[in-house]
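A.B. asks: Got a predicted structure here, sequence first:
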2 protein chains.
Amino acid sequence: MADECDVLIIGAGPAGLMLGCWLARTGVKARIIDQRATKITRGHADGVQCRTIEIFQSFGMAERIQMEANELSEVVFYSPDKDGNLVPTSRIPDTEPDTSRFRHSVLNQGRIEDFLIDCMKTGGLAVERLMSPLSLEYSDSPTESHPITVKIEHLVPIEDSSDPASGLYRSNIISDEEFNRSRLRGGKVENIKAKYVVGCDGARSWTRKYVVLRIIYAAHRFPDNSDTPWRATRPTFIYWGVMDARPITDLPDIRVKVVLHSANAGSLMIVPRERNLVRFYIQLGALQPGEKIGVSAQSPEKIIESARKILAPYTLECPEVEWWSVYEIGQRICKTVSSKDRVFLAGDAFHTHSPKGGQGMNVSMMDSYNLGWKLAACVKGLTSPSILDTYGQERVEVARQLIEFDHKFSRLFSATPAVAESEGVSMEEFQALWVRMGKWTSGTAVRYDPSLIMTASSPAKTELVQNVIIGSHFESQMVVCYADAHATQFADRLVSDGRWRLIVFAGNMGDENQLQRFNYLCDQLMHADESPIKKYTPPSADLNSVIEVLTLTSSSRRVLSYSAFPELARPYVGKFRYPTYDQIFSDEVSYLDGGGTAYSGYGVDPDGPGCVVLVRPDQFIADVLGFEQCVENLAIFFDGFMVKGK
Amino acid sequence: MADECDVLIIGAGPAGLMLGCWLARTGVKARIIDQRATKITRGHADGVQCRTIEIFQSFGMAERIQMEANELSEVVFYSPDKDGNLVPTSRIPDTEPDTSRFRHSVLNQGRIEDFLIDCMKTGGLAVERLMSPLSLEYSDSPTESHPITVKIEHLVPIEDSSDPASGLYRSNIISDEEFNRSRLRGGKVENIKAKYVVGCDGARSWTRKYVVLRIIYAAHRFPDNSDTPWRATRPTFIYWGVMDARPITDLPDIRVKVVLHSANAGSLMIVPRERNLVRFYIQLGALQPGEKIGVSAQSPEKIIESARKILAPYTLECPEVEWWSVYEIGQRICKTVSSKDRVFLAGDAFHTHSPKGGQGMNVSMMDSYNLGWKLAACVKGLTSPSILDTYGQERVEVARQLIEFDHKFSRLFSATPAVAESEGVSMEEFQALWVRMGKWTSGTAVRYDPSLIMTASSPAKTELVQNVIIGSHFESQMVVCYADAHATQFADRLVSDGRWRLIVFAGNMGDENQLQRFNYLCDQLMHADESPIKKYTPPSADLNSVIEVLTLTSSSRRVLSYSAFPELARPYVGKFRYPTYDQIFSDEVSYLDGGGTAYSGYGVDPDGPGCVVLVRPDQFIADVLGFEQCVENLAIFFDGFMVKGK
């Protein structure tokens, strides 16, 4: 007898756990398995980008990041002056103003996984460890509700299977299998039947190798961007050390991010971390084509020695090294990320690159964040499976940009700086590129193309709301909650619970004509037969359970009483039909926390006709509509993929 | 054989737990006992004032409050218009600007106790329940290290001792003893020997009754303040209902604080709480002198019915009542709060009053916060026991102000408003008084008198720093951390760990003369024989372990390199002699979070000679000094009560 589940997640790293959060939150029957005996506790990824924290906020986890992580405030560039002495040449903010309400932060991957695991647990989902997939079969039979059968082997530890001491465990220069061979043996075998399988099983993905047919698994080369002035003196085969340590140094900038190019000893990056740790990325050397890194020759002492040479004349002692590893830079991408829209890849399973940009863990979680709500909607019968095509459409393009960025970035990082008249890379230009890439690396620049679930932009839409861009995520502005006068980050209301949202810029409620138009719109959305709210909300469910309406007035809370708003804007919910108090907001200055600039920030005329912004469950903007044809246009959009409930 | 501890705390409510946090944090051997079988989980106190959250921050707990509590943004006053209809007459912020970096918040007492219990636990201290004191004996023998012996009875539950359903359990109209009599019986008896005992055992304090001799335990009357225009139509004997419920109402302001006087049906206060709860205070009726409240006649239905009459014509339904109680207003104070400086009272044990001002739990915790560090310093032999006298000096005056405030406030609350020409209280004046009292109720207005551990102010000191007031707590300003460029609330560095702090306004580090003066001051503080840092820091301890120096420059981080600061400002600490990175700050605009106004906020000339502010372990400002006589004056101050370590 095979156990049945809706979604089987293979791999419990950040991508798998983020998917688990979505599925647990939306009540999907899922399982998540991992071949490793334990979660990592030290080292590995640590960068948490602004956009990632925005998503964590939507699951209620951002505060945990903020309490433990180290926010990065400043980047200092060090390079040789004309006499060859290392000096700080400029200081810039790590996160540019207006990027996000959150800040680029760093915290070890193990803690981030803890937060995701705790979030999954509130939805009843836990990781099953020491389970390794053996085979996957797919049935085309139309009567099969769970067409995929995955054979799983339960692994048994031969000896103590806690994290081995070597820093090379889980590095990219040696495989897990090599480590596991003498440590785990096969045990009983189990069949799991699933509607969908998602391979979040990392760079050496079993799912990719076993399932996805057309694998483009080779170094992915991009042509040199001819408008870049960079010339990398060592084009490739650079290898780096990475280390988390508590240093003692006379370098004055050890608690801010430092990007340092020495004259001749290589480059180094410093990322100050939580608990007084510092993450070091240290250029170790170059390989000849075909040459392999000598595994046994690597050690923390050797990495520290390399760092000392790069940092000289500044001193460095590291009495406590918490973790270290060695890695090669290599970009790889798999352009096919699904098979029959039943098996998917996410995260490192379809794109790998170097770690210094702090992108890997973040882009991986954003992959499965894109996929999670779509899978949940299909499993629950709310939408047609056709929306699953958009996963690959949207995420392969992001991965392509990631690889392109990383390729450029890694080469410049490993390059020798131009000093005086010597040949090399101009440090001024390097820093300018760094700033230009800030928005992209923060994760807030992602923009998806039109699709079944994303309309195309138009001048008429832009006219209604100038700074709300279809295909981008909905950015936050400070607004005031009508019912409780709290200053509120508007995007905090975009909770990840599977609901679509209609954000109604209601305009000035003191204008009698505008108030009538707004009331009429609400009446139509609630009662018109073609309204997706009426059509796709089950009769017994709360009015806001499929599409939630968030209203933002340009007029103050004093203009119209809360009780005077129509029911659609403040529906009664739950067993006792309690009124909602968190769906209406005003654009005014709050008592203590600013505000009053939301309409101008979004680019909406406060005394104009208003508009409606449709936001997907993953916070991406799907459409912009005027009040007049709003219900008709929403009907056309939703009828394209929604399934009418019973 | 009697168990020995340094401090025995009797009573594990907020006052006892706050004391427990201090003692656990400072490594004092303490026990904390409570006669109740369980912690409260619902109802009771809920207001958490700004100053209380500042203290929670100093123990690392403020974020937990902020995550769960409801911040109060607005107060709306309702009273009858000239036709007798209830209308909102004005809206004001609940916390006035510049009161604190934190906001008045509400959360049920049980959760606040949870946070304190967790904080104690990190120091290894846990509450011992079902333990009731029987007797206390004091030995005058000078050879006795633990002169107090308390005989304790372990109680045994007769039946299930979870919280009884009645809302009158732990109300002030019926005693715990009455409830407990049929529920608990005595078990084995234990003797505890202690150096100090603190009675935090509430309004019916056993410690007070048993130990403190000169008890002034009667209604404490203050003369009418003749400059107030109020006339209370019912001078006293008013009783009130209190209820935590989830209401359904058409009152538009149910999610902000509402202070409502009806024309003839009495008054009511609404406090919106966490988890969509609302706390209601509802005037129920008046008693004749000598009359007692009929316990059996009280019920939530009766309270709701009273609320409906007051709120009419607004509707009210409460499908879920989480907790309710009934109380009488009564002010009592015990002017003697210690016996032989060995036994102390804190919290309700020495002052009781009405709950609507949200003061009781807060002032109680501030009592034991004042006492905790002093007890710890005496127990550890750092100071002479003479500092314990300052506990009563400082806190009895606060309690007296509290009672005075409450007396005035309660009478006005229960008064009938003046409507048209009828006699009653002017609502405009009531609101004006409310605003005037805001600073006091926030807890930030407390100012202690000069004492052994508090110098007197002088014009010369005020000249140095105009807005730092000796006797008040050190207020926060946004500053920038030198080492990591983080925008930092300066007062966040005043961690409650028992250390004194010297806050050095170093001035402009780009001014060569000022830099020399600063370096000379640091040199003297570190090396001069009379310097209290040199004299009272044990030779084997870290340089910042008794007195921590916090430096604030008026010049930017770019002016002087971190490594160029003297060792006193950034001492090496711990086993590995790691450098500190969190003791030097600059007053400049941060990249993203403001700042640059600290010198002007504190009232120090950025290009002037600088000054030094001495802050006690409880954040109160003890002295202000110029650079020149700094070491000599500090020596005189500290030599008055410190004990030289070995």
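C.D. replies: Cool, the structure landed.
A.B. asks: which parts of the stretch 451-600 of chain A sit against chain B?
C.D. replies: For the stretch 451-600 of chain A, the residues in contact with chain B under the definition CB under 8 Å from any CB of the partner chain are A:483-487, A:558, A:561-564, A:576-579, A:581, A:590-592. C-betas here are computed from N, CA, C, even on glycine.
A.B. asks: Could you check which helix or strand contains the residue of the stretch 501-646 of chain A found nearest chain B?
C.D. replies: Per CB to the nearest CB, the residue of the stretch 501-646 of chain A with the smallest distance to chain B is A:Tyr591, at 3.7 Å. Here A:Tyr591 is covered by no helix or strand, with elements defined by DSSP states H and E.
A.B. asks: re earlier: so which of the residues of the stretch 451-600 of chain A next to chain B are in strands?
C.D. replies: A:Ala487, A:Tyr578, A:Pro579 (DSSP state E).
A.B. asks: quick one: contacts for the last one?
C.D. replies: Meaning A:Pro579. Contacts were defined as CB atoms under 8 Å, 6 or more residues apart in numbering or on different chains; by that measure A:Pro579 touches A:Arg570, A:Pro571, A:Tyr572, B:Ile248.
A.B. asks: any low-confidence regions in the stretch 101-250 of chain A?
C.D. replies: Judged by pLDDT under 70, the stretch 101-250 of chain A has its weakly predicted residues at A:159-182, A:212-237.
A.B. asks: Just give the closest residue to A:Phe565, not the sequence neighbours.
C.D. replies: When the adjacent residues along the chain are set aside, A:Phe565 lies closest to A:Ile584, with 5.9 Å between them (CB to CB, 6 or more residues apart in numbering or on different chains).
A.B. asks: Could you do A:Gln477 as well?
C.D. replies: Take A:Gln477 and drop its neighbours on the chain: the residue closest to it by CB to CB, 6+ apart is A:Ala598, 3.9 Å away.
A.B. asks: neighbours around that neighbour, how many?
C.D. replies: By other CB atoms under 10 Å in any protein chain shown, 22 other residues sit near A:Ala598.
A.B. asks: Quick one, grab the pLDDT at it.
C.D. replies: We note a pLDDT of 98 for A:Ala598 in this prediction.
A.B. asks: One more: A:Lys646?
C.D. replies: A:Lys646 carries a pLDDT score of 59 in this model.
A.B. asks: related to what we said a few turns ago, and the residues of the stretch 451-600 of chain A next to chain B, which are buried?
C.D. replies: When these are checked for burial by 16 or more other CB atoms under 10 Å in any protein chain shown, the buried set is A:Ala483, A:Asp484, A:Ala485, A:His486, A:Ala487, A:Tyr562, A:Tyr578, A:Pro579, A:Tyr581, A:Ser590, A:Tyr591, A:Leu592.
A.B. asks: If we only consider the residues you listed, which is nearest to B:Ile92?
C.D. replies: For these, the minimum distance to B:Ile92 (CB to CB) is 8.4 Å, reached by A:Tyr591.
A.B. asks: Surely that closest one and B:Ser73 touch.
C.D. replies: Yes - the criterion here is CB atoms under 8 Å, and A:Tyr591 meets it with B:Ser73 at 6.0 Å.
A.B. asks: Name the residues contacting each of those two.
C.D. replies: A:Ala485, A:Ala487, B:Pro93, B:Asp94.
A.B. asks: Filter these down to just the ones in helices.
C.D. replies: Restricting the shared contacts of A:Tyr591 and B:Ser73 to those inside helices, with DSSP state H as the criterion, leaves an empty set.
A.B. asks: could you point out where chain A is predicted with low confidence?
C.D. replies: A:1, A:159-182, A:212-237, A:418-423, A:645-646.
A.B. asks: Could you look up the SS state of A:Lys195?
C.D. replies: When the structure is split into helix, strand and coil by DSSP: H, G, I helix; E, B strand; the rest coil, A:Lys195 lands in strand.
A.B. asks: Pull out the buried residues from the longest helix anywhere in chain A.
C.D. replies: Using DSSP H to assign secondary structure, the helix with the most residues in chain A is helix A:389-413. Within helix A:389-413, the residues that qualify as buried are A:390-392, A:394-396, A:398-399, A:402-413, counting by 16+ other CB under 10 Å.
A.B. asks: centre of the chain versus stretch A:268-283, how much separation?
C.D. replies: Here the centre of stretch A:268-283 is set off from its chain's centre by 22 Å, with CA atoms, centre = their mean, to the nearest Å.
A.B. asks: Up against chain B, what does the stretch 1-150 of chain A have?
C.D. replies: Taking CB under 8 Å from any CB as the test, the list of the stretch 1-150 of chain A residues beside chain B reads A:Glu63, A:Met67, A:Asn70, A:Glu71, A:Ser73, A:Glu74, A:Arg91, A:Pro93, A:Asp94, A:Thr95, A:Pro97, A:Arg103.
A.B. asks: Could you count how many residues lie near the fourth one?
C.D. replies: Applying the criterion other CB under 10 Å, we find 22 residues in the vicinity of A:Glu71.
A.B. asks: correct me, but it touches A:Pro93?
C.D. replies: No - applying CB under 8 Å as the test, A:Glu71 and A:Pro93 come out as separate, 11.2 Å apart.
A.B. asks: picking that back up, make TSV out of the contacts of A:Pro579 and add distance to B:Thr336, neighbour count and secondary structure.
C.D. replies: Formatted as TSV, the entries for those read as follows, by distance: CB to CB, whole Å; neighbours: other CB atoms under 10 Å in any protein chain shown; DSSP: H, G, I helix; E, B strand; the rest coil:
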residue	distance to B:Thr336	neighbour count	secondary structure
A:Arg570	55	22	coil
A:Pro571	58	19	coil
A:Tyr572	56	14	strand
B:Ile248	50	16	strand
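A.B. asks: And for A:Leu543, the neighbour number?
C.D. replies: The burial count assigned to A:Leu543 is 20, neighbours taken as other CB under 10 Å.
A.B. asks: One more: A:Lys535?
C.D. replies: A:Lys535 - counted by other CB under 10 Å - has 17 other residues nearby.
A.B. asks: for it, phi and psi?
C.D. replies: Per-residue torsions, A:Lys535: phi -70, psi -40 (degrees, to the nearest 10).
A.B. asks: How about the contacts made by it?
C.D. replies: With contacts defined as CB under 8 Å, 6+ apart, A:Lys535 is in contact with A:Asp529, A:Ala635, A:Phe638, A:Met642, A:Lys644.
A.B. asks: what does A:Tyr536 give?
C.D. replies: A:Tyr536 makes contacts with A:Leu382, A:Val546, A:Ile547, A:Phe638, A:Met642, A:Lys644, A:Gly645, as judged by CB under 8 Å, 6+ apart.
A.B. asks: What's the separation between it and A:Gly294?
C.D. replies: When distances are taken as CB to CB, to the nearest Å, A:Tyr536 and A:Gly294 turn out to be 61 Å apart.
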